[in-house]
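Engineer: Turn this into a model:
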Amino acid sequence: MLDHSRKFQIFSDFTKLDHLKNPHYLSSDELKKFASRKIDFAVQGQVLIDEKEVTLCIGTNHTFPLSLPIVFLQPADAFGMIPHLEGDGCLCYLDPEGLLLNSEEPVGILIEALKRSIILLQNGTRGENYQDFMDEFSFYWQKAILEPKCLLSFITVDNNLRQIFAYKKPGQDILFAADSIDIVNAYFNSELNPFSSYIRYTALYIPLELGTILTPPQRNRPWSLSDIQEILRKNLSLKNQKLLKKYQSNKKKKEQLLILGLPRSNGGRTLVGLVFSDTASNELLLINKSKSIPSGIIVIRYDSDYLVARGGGDVQLQKVHALVVGCGSVGGNIVMDLIQSGITHLTLIDPDTLSHENTFRHVLGHKNESKAKVIALKEEIESKYPYVSINIYVKHIENAIKEKVIQLSEFDCIFLATGNHTIELYLNRMIHQLKKTPITIFTWLEPYSIGGHTLLTHPQQSGCLQCLFTSDDHNSYYNKSSFAASGQSFAKNDLGCNGSYVFYGALDARKTAEQSVRLALDSLRGYETGNPILSWKGDDNLFTKEGFKTSLRYQLSIDTLQQNKYAYINPNCPVCGEQHRCPQ
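Structural biologist: This is a model prediction of the structure:
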């Protein structure tokens, strides 16, 4: 990193540009007041903000210029409380997440930091970014609480004021809040009550109206009871005002818990908690001059909507019920990808156990050796992810259908990753005979890493697995999408007849699974309304080295494959052709 003399030269070049009036380098003693920020070099001077002269200090730590400068307003309350200003005067002028700095131009970094800080202060003094308080409310709330206490919230965050339940152990602080114990059980994937030894009492969830803008409390100026009353009177819908009155009582309570849902300008809500001690709950609606100070609670969200969205999943997909048939290397990855995408209700079918030979290409690994794949996957998922619902059947799919343990029409989407086209062609015909047909994904791998394929079929449309198959020169069934020329066998044999397998790797399985899940999500969201086949191409060096031949389709470019993704469709297909479709 930069030594002291180099930093002095950088700051010297910066101050010569007259961005700061009367620049002054901070001494070692003066830097001590910024000790918590670990600043090792700083300069301060005056700038003009809307005709008011104030002091700004710009400093750096030992990581500069690989990190942003730190800018302070001195004194911190020169403009009162404005957004993006911390208690010590530090300005949050730029989000460092994903930021690319030109470390070769350190003076330019200082100039840009100062310019952005000035713009931030101007916006704050003019009230142009006042709504940003709501987006950063959680940060200010935590700073304002003198004795921070945390509450884990499982409540559904919406616009409906209602009574909820809080759970605590005798003599301890509040620990949990939920709409019902069923929601908490869903989080833990358990039918057992995790709070059976806790005291349960009622509390209120109070969502404020969209568009509400509040000034956060401060450590030296917390919200009083009067402040809360004013906030509730001004920022509740008529419906929620009536509901609040409904839940009031004259009964004296040792503690009254409120969880406020504060709307964010960019969507969603921030939750903050308030505990009132020794008060009747109807006091919340009264106008008085009470000096009672409620205790602030830091609320940590554990509800499914928040966790799924925060992890990059789609909250709306939680309503989808998916069936995965075949939980091998591709199917196992599909299962995990679906869960992380937000589809948390799955039914898994596979008759096989995990063999040690598949250790390095299956998501489960050797700790689940000799376990049924679906059992091991269910255990793995439930140990890693909350709010999941996993049904499993250690069966062949055709037997599960025959025994009526599942009904294909009950699912929103079906993934077929068995690697057995004979069974899948049978299922393809069966699915297209259903009156209520779920979207179906067929997916399979090519040997020796030359590629993988995903076929999407929609109900009552042309294009299905049967369309892909035709007779080759040897009067054998051949898949027209194949990257391998027809008439070849790819099974490797290490241990005699019972040891045969097709060579492919874990990367191939993951890539094919990802392609399949992405295509399914596009269909569920309405982005893909047709029945395409998607293929990825790998390198053919190993394939040809083993003496195998690629097909003409393999020679096509990726762009051409994409352009021709519907070209496989056979209008006279005996399964999906118009004259063969099941009447609606």
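
Engineer: which stretches of the stretch 1-150 of the chain form strands?
Structural biologist: Applying DSSP state E, counting those that start in this stretch to the stretch 1-150 of the chain gives strands spanning 21-25, 41-49, 52-60, 70-74, 150-153.

Engineer: Which of the helices and strands in this structure ranks last by mean pLDDT?
Structural biologist: strand 500-502 (a mean of 55; mean pLDDT, DSSP states H and E).

Engineer: Which elements pack onto whichever helix or strand comes after that one?
Structural biologist: Downstream of strand 500-502, the next assigned helix or strand under DSSP states H and E is helix 506-524. With contacts taken as 3 or more C-beta pairs under 8 Å, 6 or more residues apart in numbering; DSSP states H and E, helix 506-524 sits against helix 329-341, strand 413-416, strand 439-445, strand 451-457, strand 533-537. C-betas here are computed from N, CA, C, even on glycine.

Engineer: quick check: angle from the next helix or strand after the second one to strand 451-457?
Structural biologist: On the C-terminal side of strand 413-416, the nearest following helix or strand under DSSP H and E is helix 421-431. Here helix 421-431 points in a direction 20 degrees away from that of strand 451-457 (axes from the mean of the first three to the mean of the last three C-alpha atoms, to 10 degrees).

Engineer: Name the residues that touch helix 421-431?
Structural biologist: Residues outside helix 421-431 that contact it (C-beta atoms under 8 Å, 6 or more residues apart in numbering): 325, 396-398, 401, 408, 414, 416, 418, 437-438, 440, 442, 444, 457, 464-466, 469, 477, 479, 575.

Engineer: next one: stretch 516-533
Structural biologist: Residues outside stretch 516-533 that contact it (C-beta under 8 Å, 6+ apart): 314, 317, 320, 322, 330, 334, 337-338, 341, 412-413, 415, 417, 439, 441, 443, 453-458, 461-464, 468, 481, 534, 565-566, 568-569.

Engineer: Quick check: buried residues in that stretch?
Structural biologist: In terms of neighbour count (16 or more other C-beta atoms under 10 Å), stretch 516-533 has its buried residues at 516-517, 519-521, 523-524, 528, 531-533.

Engineer: and the strands of the stretch 1-150 of the chain, which is most packed in?
Structural biologist: Burial of the strands of the stretch 1-150 of the chain is given as mean neighbour count (mean count of other C-beta atoms under 10 Å); strand 70-74 ranks first at a mean of 22.

Engineer: distance between that one and the chain's centre?
Structural biologist: Relative to its chain's centre, strand 70-74 lies at 34 Å (C-alpha atoms, centre = their mean, to the nearest Å).

Engineer: The chain should start at 229 in everything you say after this.
Structural biologist: All right, first residue 229 from here; so that's strand 298-302.

Engineer: For it, give the mean pLDDT please.
Structural biologist: Strand 298-302 carries an average pLDDT of 95.

Engineer: One more: stretch 546-566?
Structural biologist: On average, stretch 546-566 scores 96.

Engineer: Show the buried residues in the contacts of helix 649-659.
Structural biologist: 553, 624-625, 629, 636, 642, 644, 646, 665-666, 668, 670, 672, 685, 692-694, 697, 707, 803.

Engineer: what's the domain layout of this structure?
Structural biologist: Following automatic domain parsing, one gets these domains for the chain: 232-357, 363-530, 540-808.

Engineer: Of all the helices and strands packed on helix 734-752, which one is nearest S523?
Structural biologist: Of all these, helix 557-569 sits nearest to S523, with 37.3 Å by C-beta to C-beta.

Engineer: What is the very next helix or strand once past that closest one packed up against?
Structural biologist: Downstream of helix 557-569, the first helix or strand assigned by DSSP H and E is strand 573-577. On a contact count with 3+ C-beta pairs under 8 Å, 6+ apart, strand 573-577 meets strand 549-553, helix 557-569, helix 601-612, strand 617-621.

Engineer: okay, those in TSV with distance to D231 next?
Structural biologist: Listed next are these as TSV, based on distance: least, C-beta to C-beta, whole Å:
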stretch	distance to D231
strand 549-553	59
helix 557-569	46
helix 601-612	47
strand 617-621	58
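
Engineer: quick one: which of these is nearest S295?
Structural biologist: Across those, S295 has its closest neighbour in helix 557-569 (31.2 Å, C-beta to C-beta).

Engineer: which parts of the closest one are buried?
Structural biologist: Within helix 557-569, the residues that count as buried by 16+ other C-beta under 10 Å are 557-569.

Engineer: Tell me the one of those residues nearest F588?
Structural biologist: Closest to F588, out of all of these and judged by C-beta to C-beta, is S557, at 9.7 Å.

Engineer: how close does the closest one get to T587?
Structural biologist: In this view, S557 and T587 are 11 Å apart by C-beta to C-beta, to the nearest Å.

Engineer: What of E652?
Structural biologist: To T587, E652 is 26 Å away according to C-beta to C-beta.

Engineer: of these two, who's got more company?
Structural biologist: Neighbours per residue, other C-beta atoms under 10 Å: of E652 and T587, the larger number sits with E652, 24 against 15.

Engineer: The more buried one: what's its closest spatial neighbour, skipping adjacent residues?
Structural biologist: L644 (5.1 Å; C-beta to C-beta, 6 or more residues apart in numbering).

Engineer: repeat for Q370
Structural biologist: Nearest non-adjacent residue to Q370, counting by C-beta to C-beta, 6+ apart: I526, 5.7 Å away.

Engineer: so what's that neighbour up against?
Structural biologist: Contacts of I526 were listed using C-beta under 8 Å, 6+ apart, and they are 369-370, 373, 376-379, 500-501.

Engineer: Which one of these is nearest to F731?
Structural biologist: C378 (51.7 Å).

Engineer: Provide the partner residues of the closest one in its beta bridges.
Structural biologist: In this entry, C378 is beta-bridged to I526, by DSSP bridges.

Engineer: who touches it in this structure?
Structural biologist: Contacts of C378 by C-beta under 8 Å, 6+ apart are 525-528.
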